[in-house]
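Engineer: No sequence on hand, only this structure:
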């Protein structure tokens, strides 16, 4: 009788055993979250009801009854009341602090309908209004962004325009995609534009008949200028922008970010925030590859293990752009642009340079992030990866990440499966969809059929992550909005959209992989960091109305087990749950 009763109980005991085993050997849980819909984002896509946390790590995942049984009398209990618990969102490509400096100016170079300004006189008029309303102090940097990148080809769009509106201030004026920049004379002098080093063919620094800078820069030089300007800002300005970005990221449920435009100044700011326990977001800082000074400095910072908290401030691989953006005719295409038949864009790296980087990745020497937008640039990545695999054989152990892949030619679509088998990962920017009309004007209807092939990539077996790339051609970095665009593509060719489950994974587990953080965050599993976001509704229930996903509200955000954001009007968490800071949380960091 006893034996038969034990046998009947065995399935339940076996179900409970893994949960208890995961907690064994660890500190007793000091935080438990119960009665929720837990979307773990693990490899099996499993769901649960509750999670137990000790210090900064997850120690058990299971049913409410299982997790409640693990909690001691001193444990903090969060009743999720049926809400949805996800891993914290991971934005693998975002330039948040710089974006918040832009926001602080309160300026946008767009008309009342939101369309980018397309004429020099329109930009000049908008800049005059900015100067009148802001009244910046002499020599204070002024920034404005949003003009049509094709304006860079217009006559009379040069430093004299900026000199007229801001004679006493260095002025940085950026296109919608930030791939074109205009500087006035004070800014040209401040960034020493005449001596700006950049790889041949990677962009342009405009020169007049006297070989003096016109103030107009495109593609790689534009991003090098952005880096220089950022480094020239007062530390207090950078810190304020960074704090506001981290605060907003926490409100959005973002717990980890990657910034591929980082400089030593960003590391200094992050160190200061860590020192005062005020860095709720994990930062993976990567240099812009052509910026040799920043790249060398960040590599040395990593190699010398200078980070005061290697779990919250990490160094990622540099980003090397193979081409530019199609919006301003910078992406490298096989055929010329429809609205600019004199050009097909250009490659920012030679085939030999691409081969060298990819071969180094295949040999296990370096992780690699390559940006490629146009069909020719995508083709070059596929060629180099195939040649390197033929030499290296087995899948390389380090990260190979391709960013963008906005236009993939029909013949190359058949080669995407090989990219998936190589272990490479692709990151995509759904924030481009609201601006697809600019892409359509640039490449025409026929090539638009090959643009942004999200579902095709997934079906080819390529791991896909999504990110915002804010503020570059992005209205927002709100994850629920970015996820909605990944699914419904703003109404354009929705058959190429991701499913909601795929989009959630692309902003959590695979996004963590895009930053090399897959062993730490991205899924709710025992041993990983306790990074969570609590949503008031389950996104998986919105398959018939994905455009309404942005209405789902973030109620709580936890970083390393600490509550870093709470919507106090609706959330219900004991006050003691806010006691532990995100930085320096118990349990160590890794």
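Structural biologist: Arrived safely. These numbers come from a predicted model, not from an experiment.

Engineer: what about the strands in the stretch 251-400 of the chain?
Structural biologist: Ranges of strands in the stretch 251-400 of the chain, per DSSP state E, counting those that start in this stretch, are 254-259, 282-285, 313-315, 319-321, 368-372, 400-404.

Engineer: so what strands line up beside the first one?
Structural biologist: Which is strand 254-259. Sheet pairing for strand 254-259, assigned by DSSP bridges, gives strand 89-91 (parallel), strand 282-285 (parallel).

Engineer: follow-up on the earlier one: dump the strands of the stretch 251-400 of the chain to TSV, plus distance to residue 170 and mean neighbour count.
Structural biologist: (Each C-beta comes from the backbone N, C-alpha and C, glycine too.) Converted to TSV, these look like this (distance: least, CB to CB, whole Å; neighbours: other CB atoms under 10 Å):
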stretch	distance to residue 170	mean neighbour count
strand 254-259	23	29
strand 282-285	25	26
strand 313-315	30	23
strand 319-321	25	26
strand 368-372	28	26
strand 400-404	30	26
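
Engineer: so where is this protein shaky, pLDDT-wise?
Structural biologist: Residues of the chain that meet the criterion pLDDT under 70 lie in 1-26, 389-397, 569-590.

Engineer: in it, which residue is closest to the centre?
Structural biologist: Residue closest to the average C-alpha location in the chain (CA atoms, centre = their mean): residue 93, at 2.2 Å.

Engineer: rewinding a little: please name whichever of the strands of the stretch 251-400 of the chain is nearest to residue 554.
Structural biologist: Distances from residue 554 to each of the strands of the stretch 251-400 of the chain were compared using CB to CB; the shortest belongs to strand 254-259, at 9.4 Å.

Engineer: how is this protein carved up into domains?
Structural biologist: Residue ranges for the domains of the chain, per automatic domain parsing: 2-82+531-578, 96-232, 318-523.

Engineer: from the ones you listed, which stretch is densest packed?
Structural biologist: Comparing those on average neighbours per residue, with mean count of other CB atoms under 10 Å, the densest one is domain 318-523 at a mean of 21.

Engineer: Tell me the helix or strand right after the helix or strand hosting residue 440.
Structural biologist: When elements are assigned from DSSP states H and E, residue 440 belongs to helix 436-448. Toward the C-terminus, helix 436-448 is succeeded by helix 454-459 as the next helix or strand (DSSP H and E).

Engineer: Give me the contacts around that next one.
Structural biologist: Under the contact criterion CB atoms under 8 Å, 6 or more residues apart in numbering, helix 454-459 has outside partners 405, 408, 413, 416, 426, 428, 464, 486, 489, 495-498, 502.

Engineer: Let me know the closest of these to residue 303.
Structural biologist: Taking CB to CB as the measure, residue 303 sits nearest to residue 426 out of the contacts of helix 454-459, at 28.1 Å.

Engineer: measure the closest one to residue 419 for me?
Structural biologist: Residue 426 sits 7 Å away from residue 419 when distances are taken as CB to CB, to the nearest Å.

Engineer: shared neighbours of these two, which are they?
Structural biologist: Residues touching both residue 426 and residue 419 (CB under 8 Å, 6+ apart) are 402, 462.

Engineer: Now do the strands in the stretch 451-590 of the chain.
Structural biologist: Counting by DSSP E, counting those that start in this stretch, the stretch 451-590 of the chain has strands at residues 464-466, 532-535, 554-559, 562-566.

Engineer: Ok, which of these comes nearest residue 278?
Structural biologist: For these, proximity to residue 278 was assessed by CB to CB; strand 562-566 is nearest, at 10.0 Å.

Engineer: and the angle for that closest one with strand 254-259?
Structural biologist: In this structure, strand 562-566 runs at an angle of 90 degrees to strand 254-259, with axes from the mean of the first three to the mean of the last three CA atoms, to 10 degrees as the basis.

Engineer: which residues does residue 542 contact?
Structural biologist: Contact partners of residue 542, counting by CB under 8 Å, 6+ apart, are 500, 548, 549, 552.

Engineer: wait, the first one sits on residue 539?
Structural biologist: Yes. With contact taken as CB atoms under 8 Å, residue 500 and residue 539 are classed as touching, separated by 5.5 Å.

Engineer: shared neighbours of those two, anything?
Structural biologist: With CB under 8 Å, 6+ apart, residue 500 and residue 539 have common neighbours 483, 549.

Engineer: quick one: residue 164 from residue 143, how far?
Structural biologist: Using CB to CB, we find residue 164 at a distance of 17 Å from residue 143.

Engineer: now do residue 119
Structural biologist: 20 Å.

Engineer: follow-up on the earlier one: how about the strands of the stretch 251-400 of the chain in CSV, adding distance to residue 206?
Structural biologist: Putting the strands of the stretch 251-400 of the chain into CSV (distance: least, CB to CB, whole Å) gives the following:
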stretch, distance to residue 206
strand 254-259, 28
strand 282-285, 31
strand 313-315, 34
strand 319-321, 19
strand 368-372, 23
strand 400-404, 25
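
Engineer: quick one: which of those strands is nearest residue 305?
Structural biologist: Using CB to CB as the criterion, the shortest distance between residue 305 and the strands of the stretch 251-400 of the chain is 10.0 Å, found for strand 313-315.

Engineer: what's in contact with the closest one?
Structural biologist: When contacts are defined by CB under 8 Å, 6+ apart, strand 313-315 is touched by residues 267, 270-271, 274, 279, 282-286, 298-299, 301-302, 307, 516-517.

Engineer: How about stretch 115-134?
Structural biologist: Contact with stretch 115-134 is made by 105-107, 109-111, 142, 144, 146-151, 154, 156-157, 161-162, 164-166, 169, 171, 173, 175-176, as judged by CB under 8 Å, 6+ apart.

Engineer: Show me how far that stretch is from its chain's centre.
Structural biologist: From the chain centre to the centre of stretch 115-134 is a distance of 29 Å (CA atoms, centre = their mean, to the nearest Å).

Engineer: One more: stretch 344-364?
Structural biologist: Here the centre of mass of C-alpha atoms in stretch 344-364, compared against the chain's by CA atoms, centre = their mean, lies 23 Å away.

Engineer: what's the first-to-last distance across that stretch?
Structural biologist: Stretch 344-364 has an end-to-end distance of 34 Å (criterion: CA to CA, to the nearest Å).

Engineer: Begin at 34, not 1, for the rest of this chat.
Structural biologist: Sure, I'll start numbering at 34, so the last one becomes stretch 377-397.

Engineer: what about residue 467, which SS state?
Structural biologist: Local secondary structure at residue 467 is given as helix here, using DSSP: H, G, I helix; E, B strand; the rest coil.

Engineer: Surely it and residue 523 touch.
Structural biologist: Yes. Using CB under 8 Å, residue 467 makes contact with residue 523 at a distance of 5.4 Å.

Engineer: Identify those among the contacts of stretch 148-167 that sit within strands.
Structural biologist: In strands, defined here by DSSP state E, the members of these are 175, 177, 179, 180, 204, 206, 208.

Engineer: Could you list which residues are in contact with the fourth one?
Structural biologist: The reference is to residue 180. The contact partners of residue 180, by CB under 8 Å, 6+ apart, come to 142, 149, 150, 151, 156, 206, 207, 208, 209, 213.

Engineer: Skipping adjacent residues, who's closest to the second one in space?
Structural biologist: If the residues on either side of it in the chain are set aside, residue 149 comes closest to residue 181, at 4.1 Å by CB to CB, 6 or more residues apart in numbering.

Engineer: contacting residues for that neighbour?
Structural biologist: Applying CB under 8 Å, 6+ apart, we find residue 181 in contact with 149, 150, 151, 208, 209, 471.

Engineer: ok, now residue 297?
Structural biologist: Under the criterion of CB under 8 Å, 6+ apart, the neighbours of residue 297 are 264, 327, 330, 331, 334.

Engineer: And the buried ones among those, selectable in PyMOL?
Structural biologist: Applying 16 or more other CB atoms under 10 Å to the contacts of residue 297, the buried members can be selected in PyMOL as follows:
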select buried, resi 327+330+331+334
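
Engineer: Lovely, talk soon.
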